[in-house]
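K.L.:
I would like the atomic coordinates for the input below:
(6 chains)
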Number of protein chains: 6
Amino acid sequence: MAKRIAAFGEVMMRMQVPGYESLAQASSLQYSFSGTGVNIASALSRFGHSSYLVSTLPNNSIGEAATAYLRKLGIQTSFLSRAGKYVGMYFLENGFGIRPSRVTYSDRLGSSFNTSAPDTYDFSKIAQEIDIVHFCGITLAMNDSVRDQMKEFASEVKKSSGTVVFDCNFRPSLWGTDGYTLAKPHYEEMLGFADIVMMNEKDAIFTLGMETQEVESLAQLKDLIPKVAEKYGISVIAGTHRLVNRDNTHSLRGYIYKEGAFEFSEMLTFSVYDRIGAGDAYASGIIHGELSGFTTERTIAYASAAAMLAHTVVGDTPTSTEAEVLQAMTDKAFDVER
Amino acid sequence: MAKRIAAFGEVMMRMQVPGYESLAQASSLQYSFSGTGVNIASALSRFGHSSYLVSTLPNNSIGEAATAYLRKLGIQTSFLSRAGKYVGMYFLENGFGIRPSRVTYSDRLGSSFNTSAPDTYDFSKIAQEIDIVHFCGITLAMNDSVRDQMKEFASEVKKSSGTVVFDCNFRPSLWGTDGYTLAKPHYEEMLGFADIVMMNEKDAIFTLGMETQEVESLAQLKDLIPKVAEKYGISVIAGTHRLVNRDNTHSLRGYIYKEGAFEFSEMLTFSVYDRIGAGDAYASGIIHGELSGFTTERTIAYASAAAMLAHTVVGDTPTSTEAEVLQAMTDKAFDVER
Amino acid sequence: MAKRIAAFGEVMMRMQVPGYESLAQASSLQYSFSGTGVNIASALSRFGHSSYLVSTLPNNSIGEAATAYLRKLGIQTSFLSRAGKYVGMYFLENGFGIRPSRVTYSDRLGSSFNTSAPDTYDFSKIAQEIDIVHFCGITLAMNDSVRDQMKEFASEVKKSSGTVVFDCNFRPSLWGTDGYTLAKPHYEEMLGFADIVMMNEKDAIFTLGMETQEVESLAQLKDLIPKVAEKYGISVIAGTHRLVNRDNTHSLRGYIYKEGAFEFSEMLTFSVYDRIGAGDAYASGIIHGELSGFTTERTIAYASAAAMLAHTVVGDTPTSTEAEVLQAMTDKAFDVER
Amino acid sequence: MAKRIAAFGEVMMRMQVPGYESLAQASSLQYSFSGTGVNIASALSRFGHSSYLVSTLPNNSIGEAATAYLRKLGIQTSFLSRAGKYVGMYFLENGFGIRPSRVTYSDRLGSSFNTSAPDTYDFSKIAQEIDIVHFCGITLAMNDSVRDQMKEFASEVKKSSGTVVFDCNFRPSLWGTDGYTLAKPHYEEMLGFADIVMMNEKDAIFTLGMETQEVESLAQLKDLIPKVAEKYGISVIAGTHRLVNRDNTHSLRGYIYKEGAFEFSEMLTFSVYDRIGAGDAYASGIIHGELSGFTTERTIAYASAAAMLAHTVVGDTPTSTEAEVLQAMTDKAFDVER
Amino acid sequence: MAKRIAAFGEVMMRMQVPGYESLAQASSLQYSFSGTGVNIASALSRFGHSSYLVSTLPNNSIGEAATAYLRKLGIQTSFLSRAGKYVGMYFLENGFGIRPSRVTYSDRLGSSFNTSAPDTYDFSKIAQEIDIVHFCGITLAMNDSVRDQMKEFASEVKKSSGTVVFDCNFRPSLWGTDGYTLAKPHYEEMLGFADIVMMNEKDAIFTLGMETQEVESLAQLKDLIPKVAEKYGISVIAGTHRLVNRDNTHSLRGYIYKEGAFEFSEMLTFSVYDRIGAGDAYASGIIHGELSGFTTERTIAYASAAAMLAHTVVGDTPTSTEAEVLQAMTDKAFDVER
Amino acid sequence: MAKRIAAFGEVMMRMQVPGYESLAQASSLQYSFSGTGVNIASALSRFGHSSYLVSTLPNNSIGEAATAYLRKLGIQTSFLSRAGKYVGMYFLENGFGIRPSRVTYSDRLGSSFNTSAPDTYDFSKIAQEIDIVHFCGITLAMNDSVRDQMKEFASEVKKSSGTVVFDCNFRPSLWGTDGYTLAKPHYEEMLGFADIVMMNEKDAIFTLGMETQEVESLAQLKDLIPKVAEKYGISVIAGTHRLVNRDNTHSLRGYIYKEGAFEFSEMLTFSVYDRIGAGDAYASGIIHGELSGFTTERTIAYASAAAMLAHTVVGDTPTSTEAEVLQAMTDKAFDVER
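P.N.:
Predicted coordinates:
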């Protein structure tokens, strides 16, 4: 039942100011290691699968700390390479109420992952040892070398009859001016490999340059997603709509499109502790539902509950077990469990 | 005016993960010492009475730390025995929003309290030095030896014309299968000694096996509590109804039944910081009202305000003074006091 | 464009119990240095001005720590004197929900600032090097020597054609019985120097002993403030009305009265992290608006947004930049910025 | 066997910068409550006696925290008064190696203890309930009112046939110029009441103005102490010689003079964690030896071991039990105990 | 080159008071998970081998935290069972200088490991997947069920031609009176299986009841160890002599006996940060030397350096890599590496 | 008397694991901002001079935090530029005893300082506003652009008749293979500008390629330093010899060469808390001595004491005042100061 899953992506060092002080006020940081691939691999490990990260870390104290952290999360580290000198880092200052959180990046282009040699990974061998692989659009923004690795890996997985998941995530600040134009061919190439895709109507419009007559986002979604599925030959497309409310809660509704039909979750509203990484929990829920043969109704409920829980957990990386997600799907407020 | 009060019960070591991390994520714990008896004795000490705990602690560093902690809370330690090797412990992981808190116990059956020799305490002498004693149903779940101590102590207090308080608190996980059947005779025996009892209609139905035609909980309460009072010859019965709301608040309404009449508090709704121990604050308020000759109206308002405040205080143990409870009864939101 | 501004006032050492424990429960304190003058000078430094504090600190480790802290806040320390032996201190225990915060003061009358020699400061020289000075009514409550310094400084600034700002802040506990009677002549004297005044109708009624037929606070404000402006020859008067709500939010509406006309901000409602010092953020916004030639409409919106943000920041002292205040004026809930 | 002992003195709030940062570098403090009387009472409570502190604390959060802390230390608080507004405080910055520790005081003259009304304590009643009382020379430096209380208390204890202990501790900075001249009559008056006195030759020379032909400190001690004992009619005099070594160790030798004979301990050399309060541990050891009928040889060994251990304990206040002191007297290095 | 190694033993939860406070003084604990098997498996993983722990953990939050911690240490968890309810725990209070550290245990006999069902582990299958197994005498002290598991496991490894390592570690407090008599047959049975044994002359005399005419410990060692090797057919015996010095340093000399010859390391003297677990580092060094075909001279130098480094590392569990041990063997004081 | 001094150099973010854990064990970091220029400017500010840093910081949260930190240290920030995106960072893991500390760098070549535009600073204007400037050899290792800025700045200071200080500090890892050959012409160019130079015989031999017949380091020093002074026309050359001892102490002897004569300090031996930055304290002492007209004997004693104290202070940056250095020159062990 349990599957073997690999995620390809950079490990970031997250450095968070504790509490609500700014970097200028505080003097200590909490650190952890995350990244889309880390989050996906960790979440799926908690859902009962064997998870691997395919990445590169430096051969120093930080690489050692990152590797130990990944092991703690339950991620298999046998496909990790050790080379280069740096990890990408980001600093997180928590907002409060009307005051927004702030994220400040270090130079991730010089990281071990982004400077790894073309032949760093034996993708052909890895592809034979896994059932499914996950890629993220953020990795596409890095440089040609990483893009080539990503496409080669996807290609090898297809050759081995594995499943390819692609998250269309697009971060404009990483592409600069004319970002959409630069990005589009790479996204289209990845969509060509993909069986399961995470996206919504905004990705279709901006990244893929598609057009619609509809003006309201739900109508745009219903118009465009079937076209994307058809054009690129994708089995499953899923994503979310999210509202940030003024009272420290968020509202989220998930959708899935499969075999010509849409399924939507309820609109969930919940208190938020740490918003970062919740999208990866959602994607993990979709993947788990597909791997487990859930109905789309159950998959969308599961993925949405997993995303909701991820907002209540410390750190980027989802930590809920399958049992905890199933319990959250019953959707009640709880007293202490003892 | 100030009375001498004793509580009989186990001292638990509470080990709480700070913030919102899980035990698997964190690396430090905050510890304190609590338990129903500790909470009652501490609360009544803050209301101006002399409070004693009757319990047993190990003769090692942990027993020493627990004793110092009890002294800090204002509890007299002259009736404490030192024997055995362990204290019961529990680990608390805080939930957030939709994610529930988790409590994990260590093996409390081997604790100094639960393994103390039958002749550990000189109950006859203690009974003569106090005005009132408090027992809790959780202690009944431990073993025959502790149950015998509890009944002997209650019997000695009655001989000395003291007042016996019994909290019907029932925790199913401690009794196992057929728990209600096993527990009922012990609860009935304790109710036979009791002058003041903490319970609601659920205890009457499940623990005492009483029946009612009513279906709604308030109607069940009004039907059953007078029957309990009559059957067991109890002067005062009191308790609460509680709602856990979805926005991190609870709602609570207290009741008291005395001399054939019910009195209810307003429904109070308030933000919750730490829910554990709030029931003991309520019981302490009822006891204080009775000891102080309050009207039932004032007693129920006082006890409800004390319980509400206990939800806002760090740790299990209520710390509010009488003045603070009286201020909270005025029920307004406050700006900084300076 | 940037102005030179001085604030005159005591530096207080703030010692805060972390989290929600009481002083009796905890064992550590977070400390910082603040005070009305500190808050005003820091806020205006973040708005782009050159800020000075005119005060006295002891020549020991605490004075050294305070001076370093002021420098960190961006305050020029060249007008600071070093003499005496103590700083005023206060202890802050955070409340939660219905449980109020508590502030406990040490003996501030013996502080370096309040015992400084009459000739400590060269006010004539300082007056020539600044454009504007800020005073607070709390300083008036100290003793004759400090009151004399304050009036001399105001007088010198007027001689140098500078602007005098006076905040009518009145704290009854500092004046004792007959406080209003004792205070009135000093407040009137300061109002005589002032160009910009922070106050509302309560100050007019209680501190200045003015009378009105109106009963509702807004009507009282509209009746009395123009009379104050006329009587004392004040160009600009501004202040706020504040509501403390039961759900951990406050509501605040600012007003400004200038050239015969009132301007009001929207009623803002927001979550509160630390309420202390928010009034100083408001005053700083008014001063900045006036110094920058904003319309009264923009000034009142700016000051109210600055005050709102100050409720979300750790510590007494406002830390928001002009850019952050302008962003908050757009008044939306935010997701993470990255 | 166990005796009832009271100590008279101020409770100080100790605020320590954690680790080795300065106040200007750090942002948090560890706080506790101590003072010579606190240290003596706590130490003797750990040696098996009933200990009381006779002092005054403010009726606010700090007084409440101090009282809870004293209870935790095992000190009876029934002779504590609550009045006034402040406690004395001191800030401690730890030195390292060649860099010395720094202590900075707040204004203790305005403390509750030092401003307590003349009739605050019922000394006659207290004297009847105790066997022995401890006074310290530092209290003599405060003001006439406290000095009068001290002498009245000593006088009442003598009337009740109790034992008076006086520690000659003299701190020049508290007396100012001509300190010795001002202090001498008060010290002589206290020595007139005292049965057990803590001092060494320096106190005899500087505080009492005695003269000796000897130049070396041991010879001075042997010359002067017998004269002091005779002149003031003192049964037991004890004290220490201490060396501060360059390698983070101290060396200490204790002496006792009783019935015309000196007894000296070995010279003990040991690593130092926290030096403050170690003298009080020594005094407590002397008192315990005298109360327990030890030989002078055993008393001096016990007191010196208690002092040595107090250098290894966190905080001012000695926490070692009698069993731990006896173990330390065996004077070996230890591996882990388990 | 890299071998597969399993260790059989209990996982303990270590709860350490930070700094130098006692449990009665402090309010927080640092926790980690260790045990002889954990330490051995972790150390050998850092030396490049594949390490497995064979143990049982409860199926709750604590078991989950322990498992994550073991993964972080680099230990394979595929041979871990999840059953029972508790883990053994111990509390550690750090000593300072002359004041010894204190260890206080919770009830480990009720732990998941010590109550695991007889058929919990498939030893036959495990034996086939590993090259070498490690056992510790402390496990022998638990109960018959665990002893039977241990012997069955050893027997299976021998059947599979694997290597058995046995550490004779004996803790008297776990066996009670007549401990040596009770323990001897079990130790002899284990020695019968063992290829590599950790012990010294004291184990031979006390646990095995052997006699010698020698009085000095080195002479006893040289007399007895060859007899042990011969009697039980052991290939390699190794161990240490240790001195605890008064200046916070320890001195350690290792020995190995193989093929009829002794080899000794230099006497190493070094500062100690955390002594617990250092013996396991030594054993790991011996095992690594044997697995790697080192000369006995190199093995003894390697094991002694590994033990020395383990005294400088936070926590019970050795974390040094092979490269770090080799560097330490060069035995110089180091400046910062950068 | 007080001079205006500027230092040119990069601001590094120091991220230190608290206590003695490794990055893989810990989860939090203490951060501060330092660098040779920061250390020099801070130290000289504490000695009474006006200090400026000439550097570039990013215009984000980290740049803001760094600027606030520099202000706190007492450094004038008016010559700071804000551009680029990153700061250089390094991670520090503390060693213990035989286990060395580890420093791991992030990519500093991409920092704001190292990528600043050629015309970032108005060196001509800055040169006119200062008396003296400090440069460090580490900056020479960065890139041509920074080297050009450095030489232009030195040249401008010479034109304005200011004093140039150059520290020959050479870090091989920053230059790569053939480092000495690459570096030599740049060092020689800087020596041509310099009035005061920090170096010892190793710099002469390795960096400048000079030869000597002597074999012992003191003899080499006495042979080569006069030749360096003559060849490059340098007024003052100073430096240290350092020994790292095995007992957590260092030994240090300073020298100065001026007007044809050597002066040496005593050999100082002292406990070390934080070694980083101590060389900058020494250089600051030499500069202060020269600026203040001390004799070389006094200068060398002052600089050595400043360096010794810097080893006892938390963080890279020296914080001792002139008074504290003068006190340390008296060279005694100290008890608590109060």
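K.L.:
switch to C-alpha atoms for all contacts and neighbour counts from now on
P.N.:
Noted.
K.L.:
touching, A:N245 and A:S251? I think so.
P.N.:
Yes. The criterion here is CA atoms under 8 Å, and A:N245 meets it with A:S251 at 7.3 Å.
K.L.:
what's the burial count for A:F79?
P.N.:
17 (other CA atoms under 10 Å in any protein chain shown).
K.L.:
excluding chain neighbours, what is closest to it?
P.N.:
Once flanking residues are discounted, A:F79 sits nearest to A:V54: 5.3 Å by CA to CA, 6 or more residues apart in numbering or on different chains.
K.L.:
and the gap between the residue nearest to A:H49 when sequence neighbours are not counted and chain E?
P.N.:
Leaving out its chain neighbours, the residue that sits closest to A:H49 by CA to CA, 6+ apart is A:A2, at 4.7 Å. To chain E, A:A2 is 15 Å away according to CA to the nearest CA, to the nearest Å.
K.L.:
now A:I40
P.N.:
On the measure of CA to the nearest CA, A:I40 and chain E end up 17 Å apart.
K.L.:
C-terminal to the helix or strand hosting that residue, what's the next element?
P.N.:
Element membership for A:I40 (DSSP states H and E) is helix A:36-46. Where DSSP H and E defines the elements, the next helix or strand beyond helix A:36-46 is strand A:50-54.
K.L.:
look up the closest residue to A:F262, ignoring the ones flanking it.
P.N.:
A:I256 (5.7 Å).
K.L.:
measure A:N59 to A:D119 for me?
P.N.:
18 Å (CA to CA, to the nearest Å).
K.L.:
what about those two, which has more around it?
P.N.:
A:N59 (15 against 8).
K.L.:
identify all contacting residues around stretch A:106-126.
P.N.:
A:9-11, A:54-58, A:79, A:81-90, A:142-143, A:145-146, A:149, A:152-153, A:156-157, F:85-86, F:107, F:110 (CA atoms under 8 Å, 6 or more residues apart in numbering or on different chains).
K.L.:
oh, I was asking about stretch A:219-238
P.N.:
Residues outside stretch A:219-238 that contact it (CA under 8 Å, 6+ apart): A:188, A:191-192, A:194-201, A:204, A:210, A:212-214, A:254-260, A:283, A:286.
K.L.:
now list the buried members of these.
P.N.:
A:188, A:191-192, A:194-201, A:204, A:254-258, A:283, A:286 (16 or more other CA atoms under 10 Å in any protein chain shown).
K.L.:
so which of those residues are in strands?
P.N.:
A:I196, A:V197, A:M198, A:G254, A:Y255, A:I256, A:Y257, A:K258 (DSSP state E).
K.L.:
quick one: the helices in the stretch 151-300 of chain A?
P.N.:
Per DSSP state H, counting those that start in this stretch, the stretch 151-300 of chain A carries helices over the ranges A:172-175, A:179-193, A:201-202, A:217-232, A:278-292, A:296-310.
K.L.:
mean confidence score for the second one?
P.N.:
Model confidence over helix A:179-193, given as mean pLDDT, is 96.
K.L.:
which other helices and strands does that helix contact?
P.N.:
The helices and strands touching helix A:179-193, judged by 3 or more CA pairs under 8 Å, 6 or more residues apart in numbering or on different chains; DSSP states H and E, are helix A:137-140, helix A:144-159, strand A:163-167, helix A:172-175, helix A:217-232.
K.L.:
restrict the second one to CA atoms and write it as PDB.
P.N.:
Presented in PDB, the C-alpha positions along helix A:144-159 are these (Å, rounded to 0.1, in the frame of the first residue of the first chain):
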ATOM      1  CA  ASP A 144      19.400  26.500 -16.600                       C
ATOM      2  CA  SER A 145      21.400  23.800 -14.900                       C
ATOM      3  CA  VAL A 146      18.800  23.100 -12.300                       C
ATOM      4  CA  ARG A 147      16.000  23.300 -15.000                       C
ATOM      5  CA  ASP A 148      17.900  20.700 -17.000                       C
ATOM      6  CA  GLN A 149      18.200  18.400 -14.000                       C
ATOM      7  CA  MET A 150      14.500  18.700 -13.300                       C
ATOM      8  CA  LYS A 151      13.400  17.900 -16.800                       C
ATOM      9  CA  GLU A 152      15.900  15.000 -17.100                       C
ATOM     10  CA  PHE A 153      14.500  13.600 -13.800                       C
ATOM     11  CA  ALA A 154      10.900  14.000 -15.000                       C
ATOM     12  CA  SER A 155      11.800  12.300 -18.200                       C
ATOM     13  CA  GLU A 156      13.500   9.300 -16.500                       C
ATOM     14  CA  VAL A 157      10.500   8.800 -14.200                       C
ATOM     15  CA  LYS A 158       8.100   8.700 -17.200                       C
ATOM     16  CA  LYS A 159      10.400   6.200 -18.800                       C
END
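K.L.:
contacts for that helix?
P.N.:
A:8, A:114-118, A:123-124, A:127-128, A:132-133, A:135, A:139-141, A:163-164, A:186, A:189-190, A:193.
K.L.:
from the chain's centre, how far out does it sit?
P.N.:
Counting by CA atoms, centre = their mean, to the nearest Å, helix A:144-159 is centred 18 Å from the centre of its parent chain.
K.L.:
buried sites along it?
P.N.:
For helix A:144-159, the buried set under the neighbour-count rule, 16+ other CA under 10 Å, comprises A:V146, A:R147, A:Q149, A:M150, A:K151, A:F153, A:A154, A:S155, A:E156, A:V157, A:K158.
K.L.:
distance of the fourth one from A:A7?
P.N.:
As judged by CA to CA, A:M150 and A:A7 stand 11 Å apart.
K.L.:
got any ranges where the stretch 151-300 of chain A has weak pLDDT?
P.N.:
Across the stretch 151-300 of chain A, the ranges flagged by pLDDT under 70 are A:246.
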